[in-house]
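> 3D, please:
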Amino acid sequence: MIKLSQVVETKIKENSKKSLEEKKKLEEERLKEEKEFVIQLRRQQRQEKIRYFLNISDLPSEWQEYTFENAEILCKEENKIHQKLKYYCKNFKKAKEKGLGLYLCGEVGTGKSFYSLCIFNELLSNYYKVYRTTLNGIYQRIQSTFSNFNNLTEEKVFKDLLNADLIILDDLGKENISETWGKSKLYTIFNFFYEKNKCIIISTNLGKREIADFMDTQGTDALLDRFRERLYTLEFVWSSRREKIGEKIFEEFWNRE
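Okay, here's the model as predicted:
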């Protein structure tokens, strides 16, 4: 015959077990909610940082139209570069780990800026923090710290360079750099890129001798040699296509009706 005390004890054990299972389930749900909250918070914080770099970047009007899909490839050489740039974007995570960048060089109007913007948009769509500017743009931000009018500090300027996943320097070599402050900052900026293992993309119209002279900061090519180590050169060897683009634009304009 089962005693009442045994029944009560069994019930207590069952309730206790059920209570522990419920507590465990509630704890698991709580941890899951906390994890999802942290993920959402980090995603939101990253999106805010992405927007910040978008706001301080130097971008042309209709910059969102500059994509690999919209590229008009006119020769075999361009197709090779087009494929390599897409590969770079697809494998950017590995490039970022190693601090690998690109050096786009060639004559005016060959599409270097266009393709740098294709990279900008491609990485932006994959939630990377991309900062597109010029050397002059960085100089101007540093110089604006002298007055402290906008509460910007030089430390903040370099912190932005550090926090960006990729820095695109458009049209390097157009700057009129002074032999004292300008050359000193040129060395500081590029040495910073090198030491911090930053991914950078440079586009320039300068030839090999001209870029060597431009990057000469201490009577040597040490700075140039450093960025050659991490930048893969892609030469845009075809002629300017701006005249043809202009003709096409006006042809569409005249024949709209």
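
> Using the three-state scheme, assign Cys105.
Using DSSP: H, G, I helix; E, B strand; the rest coil, the structure places Cys105 in strand.

> What are the phi and psi values at the closest residue to Ser239 other than its chain neighbours?
In space, and not counting its chain neighbours, Ser239 is closest to Glu107: 6.7 Å by C-beta to C-beta, 6 or more residues apart in numbering. Yep, even glycine has a C-beta here, placed from its N, CA and C like the rest. When quoted as degrees, to the nearest 10, the phi and psi of Glu107 stand at phi -70, psi 160.

> isn't Glu107 right next to Phe236, touching?
Yes - under the criterion of C-beta atoms under 8 Å, Glu107 lies in contact with Phe236, with a separation of 7.1 Å.

> who has more neighbours, the two?
Phe236 (20 against 14; other C-beta atoms under 10 Å).

> For the more buried one, which non-adjacent residue is closest in space?
Of all residues not flanking Phe236 in the chain, Gly106 sits nearest, at 2.9 Å (C-beta to C-beta, 6+ apart).

> which residues does the one you found contact?
Taking C-beta atoms under 8 Å, 6 or more residues apart in numbering as the definition of contact, the neighbours of Gly106 are Lys112, Asn205, Glu235, Phe236, Val237, Trp238.

> that older thread, quick one: contacts for the residue nearest to Ser239?
When contacts are counted by C-beta under 8 Å, 6+ apart, Glu107 is found next to Asn205, Phe236, Ser239, Ser240.

> try Arg42
Applying C-beta under 8 Å, 6+ apart, no residues qualify as near Arg42.

> How about the secondary structure of it?
Assigned with three-state DSSP, Arg42 falls in the helix class.

> Poorly predicted segments of the stretch 51-200 of the chain, please.
For the stretch 51-200 of the chain, the stretches flagged by pLDDT under 70 are 148-149.

> would you list every one of the helices in the chain?
When assigned using DSSP state H, the helices of the chain occupy the ranges 4-56, 76-90, 92-98, 112-125, 135-144, 154-163, 181-195, 208-215, 222-230, 242-254.

> Identify whichever of those helices lies nearest to Leu169.
With C-beta to C-beta as the criterion, Leu169 lies closest to helix 135-144 of the helices of the chain, at 6.0 Å.

> Export only the CA atoms of the closest one, formatted as CSV.
Once side chains and other backbone atoms are set aside, the C-alpha atoms of helix 135-144 remain, and they are given as CSV (Å, rounded to 0.1, in the frame of the first residue of the first chain):
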residue,chain,number,x,y,z
LEU,A,135,45.3,63.6,-50.0
ASN,A,136,44.2,67.3,-50.1
GLY,A,137,41.0,66.2,-48.3
ILE,A,138,43.1,64.7,-45.5
TYR,A,139,45.3,67.8,-45.4
GLN,A,140,42.2,70.1,-45.2
ARG,A,141,40.8,68.1,-42.3
ILE,A,142,44.1,68.4,-40.4
GLN,A,143,44.4,72.1,-41.2
SER,A,144,40.8,72.7,-39.9
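
> What are the buried residues along it?
Of the residues in helix 135-144, those buried by neighbour count under the rule 16 or more other C-beta atoms under 10 Å are Leu135, Asn136, Gly137, Ile138, Tyr139, Arg141, Ile142.
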